[in-house]
Structure formats: C-alpha cells, structure tokens
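Peer 1: The following block contains a protein sequence and its predicted model.
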Amino acid sequence: MADNATPTFAERAVQDAPTDYAQLRDWVAEIAELTQPDEVHWVDGSEEEYDRLAAELVEAGTLTKLNDDLFPHSFAAFSDPADVARVEDRTFICSEKEEDAGFTNNWKAPAEMHGILDDAFRGSMRGRTMYVIPFVMGHLDAEDPKYGVEITDSAYVVMSMRIMARIGTDVLEKMSREQAFYVPAVHSVGAPLAPGEQDVPWPCNATKWIVHFPEERSIWSYGSGYGGNALLGKKCYALRIASVMARDEGWLAEHMLILKLTNPEGRAFHITGAFPSACGKTNLALIDPTIEGWKAETLGDDITWIRAGHDGELRVINPETGYFGVAPGTGWSTNPNAMRAIARGNSIFTNVALTDDGGVWWEGMTDEVPAHLTDWRGNDWTPESDTPAAHPNSRFCTPIEQTDMLADEYRDPAGVKLDAILFGGRRKTTVPLVTEAFDWEDGILKGATLSSETTAAAAGAVGVVRRDPMAMLPFLGYDAGDYLAHWIEESGKADAEKLPRIYLVNWFRRNRDGGFAWPGFGENSRVLKWVAERLEGKADAVETPIGFTPTPESLDLTGLDVSDADLDDALKVDREEWAKESELIEEWLERFGDSLPASIRERYEAQKARFAL
Ligand SMILES: Nc1nc2c(ncn2[C@@H]2O[C@H](COP(=O)(O)OP(=O)(O)OP(=O)(O)O)[C@@H](O)[C@H]2O)c(=O)[nH]1
Ligand SMILES: O=C([O-])CC(=O)C(=O)O
Ligand SMILES: [Mn+2]
C-alpha cells in the first residue's frame, strides 16, 4: 500500500475513470502498475480531444500540420526508418498448444511469453501518458458487438484509431452497461523517458513483440508505432483474434474488400476480394469503372466479417471505419475516388513526401512530378534523386465516410448478401487475369493455394512468390488447416445454391515485353462485368484445367487499347507454367500434414489429373 500522500500507479489510473465497470477498472489499474506511466487519459473520442493530441504531437515534432487549403485538418508523420511496416518475424500466436498455432505462425508457450512481456512492459511507459481507448470493431448496435480496449502510450495511435474504428464514450458506456467481454490490447512503443529526458519524434524500440494469446483473446504489442503493429483493432484484433472467435462462434474473419457493383439494369452484386497486403484491395474497393452504365460503390477495403444469415445466405460487414491505404500508386488517374476522399482532409499520412507548399506527395499521385520535395526521411528530393520520395509502404489514414461512392449498406449491421469472392495476388506469370472456379470446393482449393509475390507491406524481401491461403497467411490466429476446415464447415451452413461463386484474379501478369499484360485499376471493371454476367448465366467462357476463363469476345473491351498479344498473355493457361505451379502447390499442401481437409487434397488431385489429359 502507498502512504496517503502518493497514490500508486494503479490508483491514479482509475481515480478519474469514466466507468464503474469493475473488471475493466481492475485491468487498467494492473497495466498502469506494470508500465508506470506519468499520466493516464481515458479517451472519449471527441474532436476536441483529437485536436488537442494533434497540437501536442505537432509541438513534439511527431506530426507536421499540412496546408489547410490543400489538405484540411490533416497531418503528416514520419516514422523511425526502422519502423515502417508490419514485422511478421516478430508476430506470435501463443496458444496453449503449439499445434493450435499451426505451421504458418511463430509460437511460444503462453507462460514463457508472458514472462518476456512482463519484463519488456515493466516501466515501459515511464515519462509518458497512458491512453485508454474503448473501441468496438463492427457496429455498436450489432447483435453481439465486438468490443476491445487498447491501452497505448502513443497519441499517434489514439488519433489513428479514431479514424479506423468506433471509439470513445458511447462505446465505453454500452460496454460498461452490458459488463461485456472486451479484447484487452496493450501497446507500448517501448521507449520510457527518464526524468527531463528529451523525447524523439517517433519513439520505438529495436526489439519488437506483436503477440496474441488466442485462448485469453488478448493482444500485447511492444516496440513499434506503425500501422498494423500498433493500431490493435485492425490486423491484431479484427483478423488474428477475430479469426479465433469466428472459429469458436461460427463465422469468418477475412482479409477482404467489399464492393457493390450495379449493372445498367439496376441489379446489384456484392463482391469481396481477398488479396495479400499491397496487392490491390483498396484500389478495387474504390474502383472507378471505365465501362458505360456500371456503377461501383464501396463497403470496405481491408477486412470483412462473414456470417451465414438466417436466410441461408452468406452476409458480410466491414468492421472498420477508415482506410489505412498504401499511398504510392494511389493517384488522380488510377484511383480518383481515393484521391477525392483524401482531399477532403481529416487524414494522417505516414512516411509520404512533403511539397514546398505544405501538401503531401507520393510516387504516382500526379502524372507531373514536383521539382522539389522533402522526402519521407526529411531530405531534399528532386526528380533526379535515386531513392523514392515516399516510402513504398507509406500510408494515408482517412475516414471511410469521406468516400463519395460509399454504399448505404456500409452502415447496416446486417451487412449485405455475398454474391462472389475474388482471390487474387501478384503473379508475374502463370495465373490468368480471371478464372471462375468449377464449384465451391474448387474455389476453396483456389483460396487455399493462393500465391503472391511479397511486397513492402511487411518487413523482409520483396518479390518472392509465397503461398498465402485466402490472403490470410500473416493474419491467421490458429492452425491453417483447421482454418480451411472451418471455411468448409461455415459455408455448409448456407444454402448450397445461395453460396457465392469464387474467382481467381491476377492484375499483375506480365506480357512478353515485361510490362503489365492488363492495364488494371478502373479497367478491372471489365473483369467485374464478366463476373457479374457469369453470375447471371450470360457470359461465355472457355473450360480449362483450372476453371472457366473468359473467351476474348466475352470480355467487354469497348474503348480499350489492348493488343491481341497482351490479351492472350493475360488470359492464357499455360501447361508448362502450370506443371511448375503444380509442384509448388503440392509442396505447399504437404506442409499442412494431417490438418489439411481431405476435400482440398481431392480437388487438387482432380486438377492435376485434368492437366494430364
Ligand atoms: N498494375 C496494377 N497495380 C495495381 C492495381 N491495383 C492496385 N495496384 C497497385 O498495388 C499497390 C497496392 O494496392 P492497394 O490497393 O493499396 O493494396 P491493398 O491490398 O489494399 O494493400 P494493404 O492495404 O497493404 O492490404 C499500389 O501501389 C497500387 O497502385 C492494378 O489493377 N494494376
Ligand atoms: O497492417 C498494416 O500495417 C498495413 C496493412 O493494411 C497491411 O499490411 O496489410
Ligand atoms: Mn489497403
């Protein structure tokens, strides 16, 4: 016990707590006792609070206020050059049993990991403010709201969480009233300050731990201030922990965009797309169709929760409220919908370049390259410079409500019926522009064996082909084989004839000259049109050993300047390429051992046999 004069860290953490939810108060007190912050602030989620934090971060040099005439109410942040992406090799799933984490995850025994984390977090918030952020992923008025509380010592995280999720007083009140379960999520940049020590603009620690305890449903993140490592509602909760909740409760947490596509007759199709990080989800979610009469609206760009509805349909919602989008390549010509949302302001940019008039710029934003910039590292930059002005994984963090083409159904907790699922990745070779799976099980095989070249979204080598089941490889909270079995089980709850159709897509295949065979971006609406017309039984296709691909005539190419050679390069199923691919797929499936569902192996054998014919 402390004497009367000095309250303990625990006492100070809850003395002004705006809740009487005892379990929550106890947990916050316990974390304060461990991390020893100077102050504790319970986040209310108000605009005044956001502006106050922004002013503090501008003062500290963490944020640069942008020119209000260009990007109203917006800021740029520049991270430590060693803290620019998710760190997959420091990400752990600490289930009780190692086999439950599966071969795709790093694992340590929970007791051992708790010991490591206790040591790391002890005193880690000294000299800093500890923020308590009540949040909900998905809708607050959902049947079963998915609450969380993030404790963090980063005001940048608080500001970003306010864009990305529903946070603050309303959430805290409802959670407290219901005494509801919440996911406890603790984040520290791991850079305590000694008394009088000067802070740096982007505090972080060379050692990083991104840890999930699936049975406890808890998250501990140490050492990084960046994106998916630190905004714990996003990948850590809404994918890794949610995938485990989904397994136990009977739903699916997926790394997918949601798009509503309406044809000229007014019929709407809801399409999700699972593509690995930096492989085109945000761009497809915000597509500006180039074909006449077709309308696209978005519901989400990164995470989708899927549930079999009472009506035998699969229904989907987006649990987030903002974009944490890849900046480079997002431009007025490639993605005007994203640009318009960004230009409304209220955004935080991380690791982009600054223009001389107080705006931001990144590669691909405009066709014209500015003559002078300050690059993401703070150095002078000109078009002659030999490094990019913006980091390849620089990001814009922008409220989804600022999107002109936001679908009304985004706001509906019941979500929308799912009509088609696209699985995609970056493949220079082998994988055609679009292939319709023969049926649902064949579609699951396509998802289970999905592959892509690695990108700058995660630390490590770029451009290496790896298998990425359902684009969830870095986001699975449990064994990959059990996850595939869960997909099969959940889809069994829907009426077979109401199940979505599954397509494999690849916008990134190269032509014989090494360029992109397909122009991509808005032109992908031509592929979406083909998908919609397949769903209606209207579009023609060629049957190949891997499924149905478009006949050149069935793709609407009106007004598109694409050569026959490029089209052939984009669409072909090449037997030699697939002979190599089959070997890689076989090696991949071997790695699952006994946990691979038998039906997936059977469908793979059937595919292989079709090539042998
Ligand atoms: N060539 C080509 N590039 C594309 C296409 N769609 C997206 N890209 C580029 O791919 C990169 C990543 O695209 P995003 O849409 O941000 O990818 P994402 O899947 O949302 O990435 P995360 O947010 O990291 O999960 C950007 O540089 C885009 O410009 C396309 O159709 N063709
Ligand atoms: O999580 C992040 O840092 C950014 C992101 O969306 C991804 O990598 O998929
Ligand atoms: Mn994205």
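Peer 2: Received the coordinates, thanks. Ligands and ions are numbered 1, 2, ... in the order given.
Peer 1: tell me which parts of the stretch 351-500 of the chain are close to ligand 2?
Peer 2: Proximity of the stretch 351-500 of the chain to ligand 2 (C-beta under 6 Å from any ligand atom) is limited to residues residue 457. In this view, the C-beta of every residue, glycine as well, is placed from N, C-alpha and C.
Peer 1: got any ranges where the stretch 351-500 of the chain has weak pLDDT?
Peer 2: In the predicted model of the stretch 351-500 of the chain, no residue satisfies pLDDT under 70.
Peer 1: Which residue ranges of it form helices?
Peer 2: Assigned helices in the stretch 351-500 of the chain, in chain order: 440-448, 480-491 (criterion: DSSP state H, counting those that start in this stretch).
Peer 1: would you list these in JSON lines and tack on mean neighbour count and distance to ligand 3?
Peer 2: Output for the helices of the stretch 351-500 of the chain, formatted as JSON lines (neighbours: other C-beta atoms under 10 Å; distance: least, C-beta to the ion, whole Å):
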{"stretch": "helix 440-448", "mean neighbour count": "23", "distance to ligand 3": "19"}
{"stretch": "helix 480-491", "mean neighbour count": "19", "distance to ligand 3": "22"}
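Peer 1: Among the ones you listed, which comes closest to residue 26?
Peer 2: Closest of those to residue 26 is helix 480-491, at 33.2 Å (criterion: C-beta to C-beta).
Peer 1: so is residue 273 in a helix, a strand, or just coil?
Peer 2: Here residue 273 is recorded as strand under DSSP: H, G, I helix; E, B strand; the rest coil.
Peer 1: Confirm for me that it is in contact with residue 259.
Peer 2: Yes: counting by C-beta atoms under 8 Å, residue 273 touches residue 259, with 7.1 Å between them.
Peer 1: Overlap in contacts, the two.
Peer 2: Residues touching both residue 273 and residue 259 by C-beta atoms under 8 Å, 6 or more residues apart in numbering: 284, 285.
Peer 1: show me where pLDDT drops low in this protein?
Peer 2: Across the chain, the ranges flagged by pLDDT under 70 are 1-4.
Peer 1: List the residues that contact whatever residue of it ends up closest to ligand 3.
Peer 2: Ligand 3 sits closest to residue 282 of the chain, with a gap of 3.4 Å, by C-beta to the ion. When contacts are counted by C-beta under 8 Å, 6+ apart, residue 282 touches 257, 301, 302, 323, 325, 326, 330, 335, 338.
Peer 1: measure the first one to residue 488 for me?
Peer 2: Per C-beta to C-beta, to the nearest Å, residue 257 is found 23 Å from residue 488.
Peer 1: Same question for the second one.
Peer 2: Here residue 301 is placed at a distance of 27 Å from residue 488 (C-beta to C-beta).
Peer 1: give me the subset of the contacts of residue 282 touching ligand 2.
Peer 2: Checking these against ligand 2 by C-beta under 6 Å from any ligand atom, the ones in range are residue 302.
Peer 1: of all the contacts of residue 282, which comes closest to ligand 1?
Peer 2: The closest of these to ligand 1 turns out to be residue 326 (C-beta to the nearest ligand atom; 3.4 Å).
Peer 1: Next up, the contacts around the closest one.
Peer 2: 278, 282, 393, 394, 395, 457.
Peer 1: Swap in 7 Å and give it another go.
Peer 2: The contact partners of residue 326, by C-beta atoms under 7 Å, 6 or more residues apart in numbering, come to 278, 282, 393, 395.
Peer 1: Buried members of those into PyMOL, please.
Peer 2: Per 16 or more other C-beta atoms under 10 Å, the buried members of the contacts of residue 326 correspond to this PyMOL selection:
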select buried, resi 278+282+393+395
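Peer 1: right, and out of the contacts of residue 326, which lies closest to residue 29?
Peer 2: Of all the contacts of residue 326, the one with the least separation from residue 29 (C-beta to C-beta) is residue 395, at 34.0 Å.
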